[in-house]
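Student: when you get a sec, could you give me coordinates for this:
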Amino acid sequence: MSDPLEFTSKSPRHALPLLFAGQAQKEFFVNEAHALVDMLLHPAVEGRADAPPSQPLEGLCWLVGDNPSGVWMGHARKIASWQAGNWLFATPRDGMHVLDRSTMQALHYRGDWQRAVTPQPITGGATVDQEARQAIEELINALVTAGILAPR
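Tutor: Numbers count the residues shown, from 1 in each chain. All right, here's what the predicted structure looks like:
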């Protein structure tokens, strides 16, 4: 028979709280885990900010900026969600995708939040071939940044 598994107090990827036999007030741990799962399952954020909104709505999320202030201090680059009258924070992991509702653009996390940049339109003239090649290269780079194509 194999040895029983031993768990730490939180899951390794998203720090979901784990329960233990005989644990008091299990509902707090379960509710926190459900709130984190709710926040991380198909996440959408209202945008990126360094300061929390003054009157956040229940369940809405933001990407915390590089210089957070107030109750967001110490949570730079995390996802913040207002739930049950409190801020809940989650550390992003490589491969995560979120929808930024302020721009309606998908963001991909790979060390930091990556946003595809729209290539500039091609203009006419004697260098159309060179401009077309540059536009195609920019499009490929945007697809790599978005995580659609693998890096070369």
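
Student: tell me the secondary structure for residue 111?
Tutor: Of the three states, residue 111 takes coil under DSSP: H, G, I helix; E, B strand; the rest coil.

Student: need the contact list for it.
Tutor: residue 94 (CB atoms under 8 Å, 6 or more residues apart in numbering). Where C-beta positions appear, they are placed from N, C-alpha and C, glycine not excepted.

Student: how about the longest helix along the chain: buried residues?
Tutor: Counting residues, the longest helix in the chain under DSSP state H turns out to be helix 128-145. For helix 128-145, burial by neighbour count (16 or more other CB atoms under 10 Å) applies to 131, 141, 142, 145.

Student: contact partners of the worst-scoring helix or strand of the chain on mean pLDDT?
Tutor: Across the helices and strands of the chain, mean pLDDT, DSSP states H and E gives its lowest value to helix 26-40, namely a mean of 77. The contact list for helix 26-40, computed with CB under 8 Å, 6+ apart, reads 14-19, 23, 59, 61, 79, 81, 83-84, 88, 90, 96.

Student: domain ranges for the chain?
Tutor: 44-109, 116-145 (automatic domain parsing).

Student: could you export these as a markdown table, including distance to residue 35 and mean pLDDT?
Tutor: Listed next are these as a markdown table, based on distance: least, CB to CB, whole Å; pLDDT from 0 to 100:
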| stretch | distance to residue 35 | mean pLDDT |
| --- | --- | --- |
| domain 44-109 | 5 | 93 |
| domain 116-145 | 30 | 74 |
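
Student: report the buried residues of the least confident helix or strand of the chain.
Tutor: 29, 32, 33, 35, 36, 39, 40.

Student: try stretch 50-66
Tutor: 52, 56, 60, 61, 62, 63, 64, 65.

Student: how about stretch 67-84?
Tutor: So stretch 67-84, judged by 16+ other CB under 10 Å, has buried residues 68, 72, 75, 78, 79, 80, 81, 82, 83.

Student: ok, for the fifth one, nearest residue in space, not its chain neighbours?
Tutor: In this structure, residue 79 finds its nearest non-sequential neighbour in residue 90, 4.7 Å apart by CB to CB, 6 or more residues apart in numbering.

Student: what do you get for the fourth one?
Tutor: Taking CB to CB, 6+ apart as the measure, residue 78 lies nearest to residue 89, with 4.6 Å between them; neighbours along the chain are not counted.
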